[in-house]
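Q: 3D model of this:
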Amino acid sequence: MDRRKRIALVTGATRGLGLAIVEELAGLNHHVLLTGRDVEKGCAEAGTFQRKGFDVRFLELDVCDERSAENLALVIRDQYGALDVIVNNAAVCLEEWSSSALTDCLEVNLFGAVRTVSCLGQLLGEDACILNVSSGDGESVWFSTAVRERFERVQSTNALLDMLRELAEKADALRPQEVVHGEQPTYKVSKFALNCYTRLLHNDLNESGIRVLSVCPGDVRTRMNPSASRSPSDAAKAVAELVVGGPSTYQSGGFFRDREIISW
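A: Coordinates of the predicted model:
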């Protein structure tokens, strides 16, 4: 591997948008670490990229397993010494509103991203980028005033996680309308929480030179959303542009859609 290339890691990358982001970043001269739980599929996809001349390697990562993230950090430190980009793409969309569903959705969509950054962020240097793949469903407009204001008062990631665990424990006793408006309330909470994490992490890393961004990829056609009109490839181009565009164009702490900043 040519060390002049930036090293980018993409979670949940064995299919759909994650796989398209891998291809886009590899085409933009990154050495890409394609990660996921499915070892057989991940190795097969990496092999396909390699035969096309892309600099892609599969490494196993279960974002719900801290030991998995810790082991991956050791592998990357040993074999590469550093990491330049983390794209937190792994996600699930659960329709049910319940304590168990909200816990399961948060475990991947938020806690998985936090766990990945906690274990791998130590490998990032100046001019690195953390990109959280969020959604328009994570905009604050969907939430009741009381819930939105409570989230906005949170000043640390640990406090955010504690608040969300408390919310998940109480979810069975709450009507979803008391928390969030519209369809897919569980998913909306998880993506709003991810946006909150982006802002908190930006505040923590603001002096380090590491950019932290959220991105809404749009209505992307994936296994979670098979009827969507936008192809993963088209969405991936806009996502990858945030990584390569640099801090003068895409400033840390922002929430973006199609290369344009949008409201939280």
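
Q: where along the stretch 51-200 of the chain do the strands fall?
A: Counting by DSSP state E, counting those that start in this stretch, the stretch 51-200 of the chain has these strands, from start to end: 56-60, 83-88, 124-133.

Q: name the helices or strands packed onto the second one?
A: Using 3 or more C-beta pairs under 8 Å, 6 or more residues apart in numbering; DSSP states H and E as the contact criterion, the neighbours of strand 83-88 among helices and strands are strand 6-10, helix 16-27, helix 111-120, strand 124-133, helix 232-244. Where you see a C-beta, it was placed from the backbone N, CA and C, and this is true even at glycine.

Q: and if you look at the shortest one?
A: Contacts defined by 3+ C-beta pairs under 8 Å, 6+ apart place strand 56-60 against strand 30-36, helix 39-51, helix 66-79.

Q: That one pairs with which strands, and in what direction?
A: Its sheet considered, strand 56-60 pairs with strand 30-36 (parallel) by DSSP bridges.

Q: ok, and what's touching the strand it pairs with?
A: The contact list for strand 30-36 (C-beta atoms under 8 Å, 6 or more residues apart in numbering) reads 1-2, 5-14, 18-19, 22, 25-26, 42, 45-46, 49, 54-61, 72, 76, 84-85, 90.

Q: repeat that with 6 Å
A: Defining contact as C-beta atoms under 6 Å, 6 or more residues apart in numbering, one finds that strand 30-36 is touched by 1, 5-9, 11, 13-14, 22, 25-26, 42, 46, 55-59, 61.

Q: As CSV, could you dump the C-alpha coordinates of that strand?
A: Taking C-alpha atoms only, strand 30-36 is exported to CSV below (Å, rounded to 0.1, in the frame of the first residue of the first chain):
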residue,chain,number,x,y,z
HIS,A,30,-8.0,6.5,-0.5
HIS,A,31,-6.9,3.2,0.9
VAL,A,32,-10.3,2.1,2.2
LEU,A,33,-10.9,-0.3,5.1
LEU,A,34,-14.3,-1.9,4.3
THR,A,35,-15.7,-3.1,7.6
GLY,A,36,-18.7,-5.1,8.7
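
Q: Tell me how far that strand lies from the chain's centre.
A: For strand 30-36, the separation from the chain centroid amounts to 14 Å (computed by C-alpha atoms, centre = their mean, to the nearest Å).

Q: what is the rounded mean pLDDT of that strand?
A: Mean pLDDT, computed over strand 30-36, is 98.

Q: Ok, stretch 135-153 next?
A: 92.

Q: Output it in CSV with nothing but the alpha carbons.
A: Taking Å, rounded to 0.1, in the frame of the first residue of the first chain, the C-alpha atoms of stretch 135-153 are listed here in CSV:
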residue,chain,number,x,y,z
SER,A,135,-30.8,11.5,8.1
GLY,A,136,-33.3,14.2,7.6
ASP,A,137,-35.3,12.2,10.1
GLY,A,138,-32.7,13.4,12.6
GLU,A,139,-33.7,17.1,12.3
SER,A,140,-34.9,18.7,15.5
VAL,A,141,-38.1,19.9,13.8
TRP,A,142,-39.6,16.4,14.3
PHE,A,143,-39.3,16.6,18.1
SER,A,144,-41.5,18.0,20.8
THR,A,145,-40.2,21.3,22.3
ALA,A,146,-39.6,19.7,25.7
VAL,A,147,-37.6,16.8,24.3
ARG,A,148,-35.6,19.0,21.9
GLU,A,149,-34.7,21.5,24.7
ARG,A,150,-33.6,18.6,26.9
PHE,A,151,-31.3,17.3,24.2
GLU,A,152,-29.9,20.8,23.6
ARG,A,153,-29.0,21.2,27.3
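
Q: and it, which residues are buried?
A: 135-140, 142-143, 147-148, 151 (16 or more other C-beta atoms under 10 Å).

Q: How far away from the center of its chain is that stretch?
A: 19 Å.

Q: Over to stretch 107-116?
A: 8 Å.

Q: now stretch 252-264
A: Mean C-alpha position of stretch 252-264 versus that of the full chain (C-alpha atoms, centre = their mean) differs by 14 Å.

Q: Can you check the pLDDT for the residue of the chain most remote from its centre?
A: Residue farthest from the centre of the chain, counting by C-alpha atoms, centre = their mean, is Ala173 at 29.3 Å. Confidence at Ala173, expressed as pLDDT, is 97.
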